[in-house]
Structures are given as structure tokens and as C-alpha cells.
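> Kindly generate the corresponding structure for this input.
(one chain, ligands or ions: 4)
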Amino acid sequence: PGAQPLVAPLMGFTGVAAQTGADFDRILVADGYRAEAFFSWGDAVLDSAPPWRDDASQDWQAQLLQAGDNHDGMHFFPFEEAPNAHGLLVINHEYINPTLHSDGFSYTELQDGRRQRPLDQVRKEQAAHGVSVLEIRRDTEGQWQRVSGSRYHRRISAMTPMVVSGPLRGDRRMRTASDPSGTEVLGTLNNCSMGVTPWGTYLTCEENFHNYFVNRDAADHASRPTHQRYGIGQGQRSAYYAWESVDARFDATPDEQQPHQGHVNEPHRFGWVVEIDPFDPYSTPIKRTAMGRLGRECSVLSMGDDGRMAVYSGDDARGEYVWKFIPDGRHDPANRAASRDLLDSGILYAARFDEDGRGHWLPLIWGVQGLTAANGFADQQAVLLNARGAADILGATPMDRPEWVAVHPESREVYVTLTNNHERGDRSPLDAANPRPNNQHGQILRWREDGADPAATAFKWDLFLLAGDQPGATDAEGQPLPDNLIGTIQGDIFSSPDGLAFDGGGRLWIQTDSDEEAAHTVNTGCNQLLCADPQTREVRRFLVGPRGAEITGITWTPDYRTLWINVQHPGISYPASDGHSRPRSTTVMITHEDGRVIGS
Ligand code: FEO
Ligand code: CA
Ligand code: CA
Ligand code: CA
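Residues are numbered from 1 along each chain as shown. Ligands and ions are numbered 1, 2, ... in the order given. Below you'll find the model as predicted:
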């Protein structure tokens, strides 16, 4: 009796309870841990930033110097001389909330169904999008601080000039009235998750870009798969913010009177992976078009023994696909500069998950397997611009909203979150990988590439878990839940997995983005950070966030003793948590009182 296990269990913390109260407005974290607000919307990025004001009266010029809104994917890039105490924190700002403006989100309804927005509000919204780069350091008291006077601090926004590289650079389908060369785009939009490269760059991903555009010509919209298949707005205004009322490039209605038909091609210039070198504050971000145009959630790299690699992506919309991109070249750790443009050539693949647990990567190569002019693909550029349509023809498997991907640090087993899909069993048929009708809670699926080779074209897959309630659970009235709300989680329940990452010890960290107002979240409550053991499949709840917020974004110091996560769009008054202050998206820092590895 009492024999010691040979290996310490992966998880050494006591799980916390789900929080279902309507007024839960703080962070609950496992015993022995401390969670502190570290970097909120409006905090200084550039040294010249004015202090944030709770009345949100600051203008767009101030916003351009401060943290953007809706913090999402992020990464800590350590400096070599003190990797656990000094580095660059790079953070996506996905979109904006009306709390950005003192008078909310204002507009005038016009008679034809359009909305007229105030220019100063739109500029502030554009300034609150993009990416922050922040130099941070742990001081002699052990406190992490933003370094003042740093040359690395940088704000990238929806207005920052970026270059187009790869097959679509200069292509006629990338040219607009504002950029007749088709080589320079202003800004990046809806930067959700991300990836990092072994050559030290950050890959920010453009997710729901379609909601920023409108093509008011219904017939033209229907005839253009790069608009229609991607959900570019149709009608009189764009779905989100009606920026088109003051910034013409968001009006993608063809205009025969203008060069390149005005801005009809502007939506082609989003949906890409954008590579940023955080260590060079003067570098121009690069849109890598060889990787294809998706509603791209993430781009997560898996490195093979021979320097060949895969970059995995989810395309987060109902019934969209799981992707990987295999660069033609190899990474040579001894020659970082040679990897600079590795993402400019390679093959894009979409995944097919077969019923027998095997899977295949289907290559998007022009002229092959029906990707021909007869099917609307004039060349490889057309395939990349309408990668979704190409994958339809190849027979890829429509998934329940693929979000983040995580690769196990040793086995290279790959995990993906499929967050939910209420249209499953209706618009998409049930299948082994997406087995629940009206899928409210989502699932986590995993696969092993043949030979553990990231460049393999076939794999074996299985479902790691179905999220949702335990068997026998009841609803708010004590009635038994229907089968589609019952999951297979061993341990603490959750709904709608989204963020996903492995730490160096092989713990799988799961973050959730569920709607706490919905009937199906009556038992799972506020969004969470959980930890899972990939072998035993046990899931344990590590942290619960404030009501209204999604928990997303995850990164550590290399010793895994400091963890950062993001609280996105908190609903009440977090981080002040006083019941009345303006809520602010916030990066939260988590440490253990005895300095333990997080979760151990
Ligand atoms: Fe921005 Fe798919 O989450
Ligand atoms: Ca997400
Ligand atoms: Ca989500
Ligand atoms: Ca979100």
C-alpha cells in the first residue's frame, strides 16, 4: 500500500466548481493560484499613450496607442538571456464592443436600409482592432511589468499597411481602386487565434472578415463564389459595423466607373495568415496567400524530424473544414533567415474524416480532381481565393465549427476543438466525427498522422470527448436532458470548447466560448479554463471567468510557471468587478503562490 507512482500525475490541483450565478463578475482559480488583471483594453502600449479613462471618451488617436479590444490568441516570445523573466507579449484584438464609445455604438438609419456611422467612431473601432506587441519584464520583486521606453511596443490595427506575398501578390483579383498594384492592404481584421513559427514570428489569423463587407448587388454577389461562399454581406449594409458608410473600401459592390470596379476585390484581401516579426518593430506584416483564404481561426505548426512541417488551421463556420498547409521547403534551425519566406509556397490540404477512423488530406491543386476551369477554377489563385469551394468539390468533411488546434509536444498527436453546430443533422448530415444532432456543446477530436510525420497525407482519428452534461443530468426544472446535451466528459463538465493548447508537460488546456444565457448552459455556467490528461481523459476545471466573457488566448513563460489567458468581452464590470465600471477585455496573469508549474 502507498506505493508511489513512477511518474507524478499530470494534474496536481483541486478543481473548482462551475459558476452559474447571473452576477458572477470575477475570476475563480484553483487553490494556491493567483489570477491578476495584467493588460486591459485601453492600457498603454506605446509610451505616449494617455491614461485610459473609464468614460470611454478618448479618441481614435489615443486608441491607436493603447491596447485594443477583445483580446484573443496571444504568445509570449522570450528573450534568450532571461527567458522566464523577459519577453514580448503579442496579443490579438479580435473585434470591438459598443463599450468602446462613451455613447455606445451610434448610427443613423437611412431610408434605403443603410446605416450612416460617425467617422470618429469608425476610426476608433478600426484602431481597436489588430495586434498589440508589448515588452514585459519581471522585476526584482517578481512582479511582471510593461517595460517603459521599449523600442518593441507596437500597435497594429485595421489601418496598418501590410504587404501581400505568395501566389496572389499583384494578382488582378487583389487589385482595387485604392491599390491598383494588388500588393498592399490596409490592416488586418477579426484576428482570432494564431500560431508561432520556429523562426520567431507570430502568425495572426483573419477569422470572420466577411462581416465587415457588403456587396449590395445581389446578382453580382450570387455570381461571385469568393463573396457568396464566404458570406460577404448582401443587402444594404455589412453585418457588423457599417464601416462602408465612411470608408469606401468596405463597400464591395462593383463600380464599373472606377478602376478595378472599385472595391469589389477588397474582401479577397482578408481571410489570410498574417506573419509578423515582433522583434522588428519596423517590419511590415505579410499576408501569406499560399496558405489559402478561410474564415481562419488559427495556424498551428507541427515540426517533423527532417525540418518539414505542417501548419494546421480551423475554419470556424458551421459545416466548414479542417486544414493543413505543408510548405515546400524545410526549416533549418541553423539558418533562421532562410525560413523567412517558407510560407510562400507549398500545398494546402483539407481533411476528410472517414467513418472507419481513418482520414485523408485532400490536396488543393489546380487542374486535379475537378479543380478545373469547368468548375470555376481558372488557375491556382482561384483555388486559393475560394479554398472552401475547392474543398467542397474534393469531398472534405464538413465539421462542427473547427476552432483551435493543438499538437502534443512529444507524440505530435493533433487535437482540434469543434465548438458547436446547431445545424448538424439538419443542414449537415451526421457522421462519425460530428455525431450529435443540434450539437450545442461541441467536441474535441484528435488524430495521429501516419508515421507521426506532419507531412503525411493520411491519419487515424478518434473523438477525445463530447462536451456537455453527465448522463442523468437535469435542466433548471429538474427534467431529464435530451440525448444531444449529454457528453462523454470524464470529470468536470463544460460547453463549447474553443481555445486549446498543450503545455510542455503534455497537459491539454481547454478554454470555452459558450453562451451562458442559453438553456443548454444551465449546468456548465460561466466560461472556463480546464485541464485534461490526454491519456486518462480526465478533465478538471482550473478557472472560471466572469459572466459574459469568453476565456481564450493562452501562453506561458518557457518554464510554465507564469500563465497568461484572456478574458474576452466580460459582461458586467470586470476587471474592476465593482458592479458599475465599464467592462474591459483583459489579459490575466496566473502564478502559483509557491511558484509551481501551472497545473502540476
Ligand atoms: Fe473568433 Fe472562432 O472564434
Ligand atoms: Ca475562437
Ligand atoms: Ca468561439
Ligand atoms: Ca470571441
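> where's the nearest residue to residue 510 once chain neighbours are set aside relative to ligand 3, distance?
Distances taken as Cβ to Cβ, 6 or more residues apart in numbering put residue 530 closest to residue 510, at 4.6 Å, once the chain neighbours are dropped. Glycine gets a C-beta too; all of them are placed from N, C-alpha and C. Going from residue 530 to ligand 3 by Cβ to the ion, to the nearest Å gives 15 Å.
> count of residues packed around the closest residue to residue 496 other than its chain neighbours?
In this structure, residue 496 finds its nearest non-sequential neighbour in residue 514, 3.7 Å apart by Cβ to Cβ, 6+ apart. Residue 514 has 26 neighbours, counted by other Cβ atoms under 10 Å.
> Next, give phi and psi for residue 514.
In terms of degrees, to the nearest 10, the main-chain angles of residue 514 are phi -110, psi 170.
> contacting residues for it?
420, 441, 494, 495, 496, 521, 524, 527 (Cβ atoms under 8 Å, 6 or more residues apart in numbering).
> What is the nearest of those to residue 26?
Proximity of those to residue 26 (Cβ to Cβ) peaks at residue 527, which lies at 13.2 Å.
> So what's the residue count around the closest residue to ligand 2 within the stretch 401-550 of the chain?
Of all residues in the stretch 401-550 of the chain, residue 498 sits closest to ligand 2, at 4.3 Å by Cβ to the ion. Neighbours of residue 498 under the rule other Cβ under 10 Å: 28.
> before we move on, what about residue 499?
28.
> Quick check: which element contains the closest residue in space to it that isn't next to it in sequence?
Spatial nearest neighbour of residue 499, chain neighbours left out: residue 511 (3.1 Å); criterion: Cβ to Cβ, 6+ apart. If you go by DSSP states H and E, residue 511 is part of strand 508-512.
> So what are the sheet partners of the helix or strand following that strand and their directions?
Remark: after strand 508-512, the chain's next helix or strand is strand 528-532, criterion DSSP H and E. Strand 528-532 sits in its sheet next to strand 508-512 (antiparallel), strand 538-544 (antiparallel), going by DSSP bridges.
> quick one: is the shortest one near ligand 2?
Meaning strand 508-512. No: between strand 508-512 and ligand 2, judged by Cβ under 5 Å from the ion, nothing touches; the nearest distance is 8.5 Å.
> does the strand holding residue 511 come close to ligand 1?
No: against ligand 1, strand 508-512 shows no contacts by Cβ under 6 Å from any ligand atom, the least distance being 10.6 Å.
> That strand - what's its average pLDDT?
pLDDT averaged over strand 508-512 equals 99, rounded to a whole number.
> Give me the contacts around it.
Under Cβ under 8 Å, 6+ apart, the answer for strand 508-512 is 406, 415, 417, 444, 494-503, 524, 527-534, 539, 542, 550-554, 565, 599.
> Then stretch 29-37?
13-16, 27, 542-543, 574-575, 586-594, 596, 598.
> Break down the stretch 101-250 of the chain into its strands, ranges please.
108-109, 115-116, 130-138, 144-146, 154-156, 161-165, 184-186, 191-196, 202-206, 214-215, 233-234 (DSSP state E, counting those that start in this stretch).
> Residue 437 and ligand 1, how far apart?
22 Å (Cβ to the nearest ligand atom, to the nearest Å).
> which non-adjacent residue is nearest that residue?
residue 425 (3.0 Å).
> Any residues of this protein in contact with ligand 1? List them.
Selection of the chain residues close to ligand 1 by Cβ under 6 Å from any ligand atom yields 94, 192, 207, 297, 316, 403, 498.
> And the closest residue to the last one other than its chain neighbours, how close does it get to residue 566?
Same thing as residue 498. Nearest residue to residue 498, sequence neighbours excluded (Cβ to Cβ, 6+ apart): residue 513, at 3.9 Å. Going from residue 513 to residue 566 by Cβ to Cβ, to the nearest Å gives 11 Å.
> Looking at these two, which is more packed in?
residue 566 (29 against 21).
> For that one, list each beta-bridge partner.
Applying DSSP bridges, one finds that residue 566 bridges with residue 552, residue 587.
> surely it meets residue 584?
No: using Cβ atoms under 8 Å, residue 566 is not in contact with residue 584, being 11.3 Å away.
> if we can go back for a sec, let me know which of the strands paired with strand 528-532 is tucked in deepest.
Highest mean neighbour count among those (mean count of other Cβ atoms under 10 Å): strand 508-512, with a mean of 26.
> anything in it near ligand 3?
No: against ligand 3, strand 508-512 shows no contacts by Cβ under 5 Å from the ion, the least distance being 8.7 Å.
> Would you quantify the distance from the residue nearest the centre of the chain to residue 255?
Nearest to the mean C-alpha position of the chain, counting by Cα atoms, centre = their mean, stands residue 193 at 2.2 Å. Computed as Cβ to Cβ, the residue 193 to residue 255 distance reads 35 Å.
> do the same with residue 46
Taking Cβ to Cβ, one finds residue 46 at 37 Å from residue 255.
> what's near enough to touch residue 493?
Taking Cβ under 8 Å, 6+ apart, one finds 18, 467, 468, 469, 470, 487, 523, 524 in contact with residue 493.
> do that again at 6 Å, thanks
Residue 493 is in contact with 469, 524, counting by Cβ atoms under 6 Å, 6 or more residues apart in numbering.
> Confirm it sits in a helix?
No: read with DSSP: H, G, I helix; E, B strand; the rest coil, residue 493 is coil and lies in no helix.
> roughly how far out does stretch 373-392 sit from the chain middle?
25 Å (Cα atoms, centre = their mean, to the nearest Å).
> what's in contact with that stretch?
167-168, 171, 225-226, 229, 268, 289, 292-294, 321, 350, 364, 366, 371, 393.
> Need the three-state assignment for the residue nearest to residue 261 when sequence neighbours are not counted.
Leaving aside its chain neighbours, residue 261 sits nearest to residue 254 (4.2 Å; criterion: Cβ to Cβ, 6+ apart). What three-state DSSP gives for residue 254 is coil.
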